[in-house]
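Engineer: just a sequence and a predicted model for now, questions to come.
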Amino acid sequence: MKKRITLLLLVFTTIVFAEKSSVTILIDPGHGGKDPGHLPHQNELMQEKDIVLEISLKIGEYLTYNLSNVKVMYTRKTDIYPSLDERVAMANNNNVDYMLSIHVNGSPNSSIYGTETHIHNFEAKSSYQWAKLIEDQFTSRAGRRSRGVKTAADVGHSIQILKQTNMPTVLVECGFITNATEGKYLNSAYGQEIIASAIFRATREFIKAKHPNIDFSPAKDLAVKNDQSIYKVQIMASIDELATDIPEFKKLGYPVERVKVQSTSMYKYKYYVGPFKDKKEAKKVEKEVQGKGYKDAFIVYFE
Ligand SMILES: [Zn+2]
């Protein structure tokens, strides 16, 4: 009997201390089914539950195709409503290493816009690192306005998914669907793609840093499916900050993105439409906006 216990202990110790060879991420598209989440500023636009599902599936795809040894799970992949208790249980009962909850924000004040990434509190160091990387990517890559990393103390209450899960967990608010410009962006396929790409890049950087001994390089035959370079069309630059919803921009029919540039040049702001995945599409839009009065518009390539 004693021998058997020793043997069992040995097996147990080996399992516990064996080095991890893969990472499991649980992606949680917020709401779903009977729960639409925040409603858009215009009836015909998508509700929160549909936007976050699109973004979540794209993130999962990027992770799957661009990193090996990462297992992606979802709390939902269709329009159903798992309760918050069920979502927490899925995270805690499946050896999940990281949980990523995706939401979009809403406010009765339609002028509010920008992204936020929520963590439970600053004690959650890994969650904070991850959240910070996501907000940095939103600013640098996606050209969004970051409202920063938020804790339960900032919002005045704790969020169940952040409080009750046993692993680093972040909840990303990808923007406000109640703001006309941002709402339109979140409804567009390219907006969703850029948001997903920013979250993917931040997540990749985060897990690579957390697990220096795991080889995440993608399998060759899968190649890099979606960590794509992008094109934007720069329409103008300005000395003073212009609102992106002025009539001159609205007539273009594309949401305009404003980026503050760190340079000594007198022009402090650049304005883009896009991004576009391929040059052909960018070329078409370049012509289009040139025809609408922005004669100096040109294509910019982003790696
Ligand atoms: Zn939500």
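Structural biologist: Received, thanks. Numbering: from 1, shown residues only.

Engineer: pull the CA atoms of stretch 33-46 into PDB?
Structural biologist: C-alpha atoms of stretch 33-46 as PDB (Å, rounded to 0.1, in the frame of the first residue of the first chain):
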ATOM      1  CA  GLY A  33     -29.300  35.200 -27.400                       C
ATOM      2  CA  LYS A  34     -32.000  36.900 -25.300                       C
ATOM      3  CA  ASP A  35     -29.400  39.500 -24.200                       C
ATOM      4  CA  PRO A  36     -28.500  42.000 -27.000                       C
ATOM      5  CA  GLY A  37     -26.100  44.100 -24.800                       C
ATOM      6  CA  HIS A  38     -25.900  47.700 -25.800                       C
ATOM      7  CA  LEU A  39     -28.100  48.900 -28.600                       C
ATOM      8  CA  PRO A  40     -26.700  50.900 -31.500                       C
ATOM      9  CA  HIS A  41     -27.400  54.600 -32.200                       C
ATOM     10  CA  GLN A  42     -29.400  53.600 -35.300                       C
ATOM     11  CA  ASN A  43     -31.900  50.700 -35.400                       C
ATOM     12  CA  GLU A  44     -30.500  49.200 -38.600                       C
ATOM     13  CA  LEU A  45     -27.000  48.700 -37.200                       C
ATOM     14  CA  MET A  46     -25.800  45.600 -35.300                       C
END
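
Engineer: that stretch close to the ion?
Structural biologist: Yes. Judged by C-beta under 5 Å from the ion, stretch 33-46 comes into contact with the ion at Gly37. (Each C-beta comes from the backbone N, C-alpha and C, glycine too.)

Engineer: average pLDDT across that stretch?
Structural biologist: Average pLDDT, stretch 33-46: 91.

Engineer: okay, now the residue nearest to Glu241 when sequence neighbours are not counted: neighbour count?
Structural biologist: Of all residues not flanking Glu241 in the chain, Tyr269 sits nearest, at 5.6 Å (C-beta to C-beta, 6 or more residues apart in numbering). By the criterion of other C-beta atoms under 10 Å, Tyr269 has 15 neighbours.

Engineer: just Gly293 next, same as before
Structural biologist: 11.

Engineer: helix or strand next in line after the helix or strand hosting Lys287, which one?
Structural biologist: Using DSSP states H and E, Lys287 sits within helix 279-291. As assigned by DSSP H and E, the chain's next helix or strand after helix 279-291 is strand 298-302.

Engineer: what sits against the residue of the chain found nearest the ion?
Structural biologist: With C-beta to the ion, the shortest gap between the chain and the ion falls at His103, namely 3.4 Å. By C-beta atoms under 8 Å, 6 or more residues apart in numbering, the contact set of His103 is Gly30, His31, Gly37, Glu48, Val52, Leu171, Val172, Glu173, Cys174.

Engineer: I'd like to know how far the fourth one sits from Pro29.
Structural biologist: This means Glu48. Distance of Glu48 to Pro29, computed by C-beta to C-beta, to the nearest Å: 10 Å.
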